[in-house]
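**Q** what follows is a predicted protein model with its sequence.
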Amino acid sequence: PAPLSQIQEEILALKRERNAVILAHNYQIESIQRIADYVGDSLGLAYQAQQAQADVILFCGVHFMAETAKIVNPSRTVLLPDLDAGCSLSDSCPAGQLAAYKAAHPDTYVVAYINCSAAVKALSDVICTSGNAAKIVARVPADKKILFVPDQNLGQWVRQQTGRDMQLWPGSCYAHVQFTVAAIEKIRSQFPGAPVVAHPECVQAVRDIADEVCSTELMIGFAKKTPAREIIVVTESGMLHRLQREVPDKTFIAGPTDTCACNDCRFMKMNTIEKVRDALKNMSPAIEMPEDIRAAAFAPIQRMLDWSK
Ligand code: 13P
Ligand code: SF4
């Protein structure tokens, strides 16, 4: 690999000085992934955050992920390079609307995809990620009426996987719904024989033509296992860096949209290498939340971590 840049070296020196650990999501830019102590999906990152011993967790991902780190490990300082790095899915389920739904339907059991705010987690019974959603839903007692928030696409997929009836909140990921059958079929015709692996946040028509539907972390296992040499990856483009690093002898082709050769999440890409350095230098921006919300949000996360072991 190429030598680290000056700014990457600077970050590693600051990391030692601050006694920090750097956790990065698979969608981060390559220069951030390279200096991270751990790169993974939402589930892996939640476990890593909970176990972190360092004084500071520098979280390179989006706001709800850094919030989750703070919820599971509140005595650490959790830094997010850009506080505006949000998530369209998280935004699609405001806590006030969920509270109103629960008031109108008091017997509802809320399964919340981790892509939601701490306030929504605090109103939920159990959390899931794309890596464990089917497993978690299958564990919910059969007599419960489930409301699945906020991603209707992941919710539909879990419904198919488990056969469990669930109400779905009408949210979606603005980036993943841009993948279309036409764009995927077109790239497939250019790479005949290359399997298509898609994230469950894609719409059903795209999931239906994929060879495998899974979380970003499970894509690594799929890439290692398949005999194919070329793989079409239908998720955010940062994933390709991780795949290329872990499975260097295979070729990964970014899933295109109708208008773009690959698909970036504008929120994930708000974190730049300069902002990572500045966060460690200034020890800011840091994630803070009221203790009552944190404690209420912790219970359903802990349930997920226990159930998905
Ligand atoms: P994963 O947990 O599969 O990495 O997904 C996170 C995410 O934001 C997908 O858009
Ligand atoms: Fe949210 Fe979609 Fe970006 Fe993931 S890719 S962080 S779900 S907006």
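**A** Nice, I can see it. Ligands and ions are numbered 1, 2, ... in the order given.

**Q** near ligand 1, which residues of the stretch 151-300 of the chain show up?
**A** Residues of the stretch 151-300 of the chain found near ligand 1 (Cβ under 6 Å from any ligand atom) are 173, 199, 201, 215-216. To be clear about C-beta, it is placed using only N, CA and C from the backbone, and glycine gets the same treatment.

**Q** at 8 Å what do you get?
**A** Counting by Cβ under 8 Å from any ligand atom, the positions of the stretch 151-300 of the chain adjacent to ligand 1 are 173, 175-176, 199-201, 214-218, 235-236, 265, 268.

**Q** near ligand 2 too, which of these?
**A** Of the residues in these, proximity to ligand 2 by Cβ under 8 Å from any ligand atom holds for 173, 175-176, 201, 235-236, 265, 268.

**Q** pLDDT of stretch 199-212, averaged?
**A** For stretch 199-212, the mean per-residue pLDDT is 98.

**Q** in it, what counts as buried?
**A** 199-203, 206-207, 210, 212 (16 or more other Cβ atoms under 10 Å).

**Q** point me to the residue of the stretch 1-150 of the chain nearest ligand 2.
**A** The minimum distance from the stretch 1-150 of the chain to ligand 2, using Cβ to the nearest ligand atom, falls at residue 87 (3.2 Å).

**Q** which one of the buried residues of stretch 199-212 sits closest to residue 192?
**A** residue 210 (15.8 Å; Cβ to Cβ).

**Q** just to revisit the earlier point, now the closest residue to the residue of the stretch 1-150 of the chain closest to ligand 2 other than its chain neighbours: how far from ligand 1?
**A** Excluding its sequence neighbours, the residue lying closest to residue 87 (Cβ to Cβ, 6 or more residues apart in numbering) is residue 62, at 4.9 Å. The span separating residue 62 from ligand 1 equals 7 Å under the rule Cβ to the nearest ligand atom, to the nearest Å.

**Q** isn't residue 62 right up against residue 269?
**A** No. At 10.2 Å, residue 62 does not count as touching residue 269 under the criterion of Cβ atoms under 8 Å.

**Q** who's more crowded, these two?
**A** Ranked by neighbour count (other Cβ atoms under 10 Å), residue 62 and residue 269 place residue 62 first, with 26 against 16.

**Q** residue in the stretch 101-250 of the chain nearest to ligand 2?
**A** Using Cβ to the nearest ligand atom, the single residue of the stretch 101-250 of the chain nearest to ligand 2 is residue 173, 3.2 Å away.

**Q** what helix or strand is that residue on?
**A** Element membership for residue 173, per DSSP states H and E: none, as it lies in no helix or strand.

**Q** next up, identify which helix or strand the closest residue to it other than its chain neighbours is on.
**A** Computed as Cβ to Cβ, 6+ apart, the closest residue to residue 173 that is not its neighbour in sequence is residue 201, at 4.3 Å. Under DSSP H and E, no helix or strand contains residue 201.

**Q** ok, residues contacting the host helix or strand of residue 300?
**A** Using DSSP H and E, residue 300 sits in helix 291-307. For helix 291-307, contacts defined as Cβ atoms under 8 Å, 6 or more residues apart in numbering pick out 46-47, 50, 68, 70-72, 74, 112, 114, 118-119, 121-129, 132, 135-136, 139.

**Q** let's see 6 Å
**A** Identification of contacts with helix 291-307 by Cβ atoms under 6 Å, 6 or more residues apart in numbering yields 71, 74, 118, 121-122, 124-128, 136, 139.

**Q** circling back: what sits against the residue nearest to residue 87?
**A** Shown in contact with residue 62 (Cβ under 6 Å, 6+ apart): 85, 87, 267.

**Q** any idea how far it lies from residue 307?
**A** 24 Å (Cβ to Cβ, to the nearest Å).
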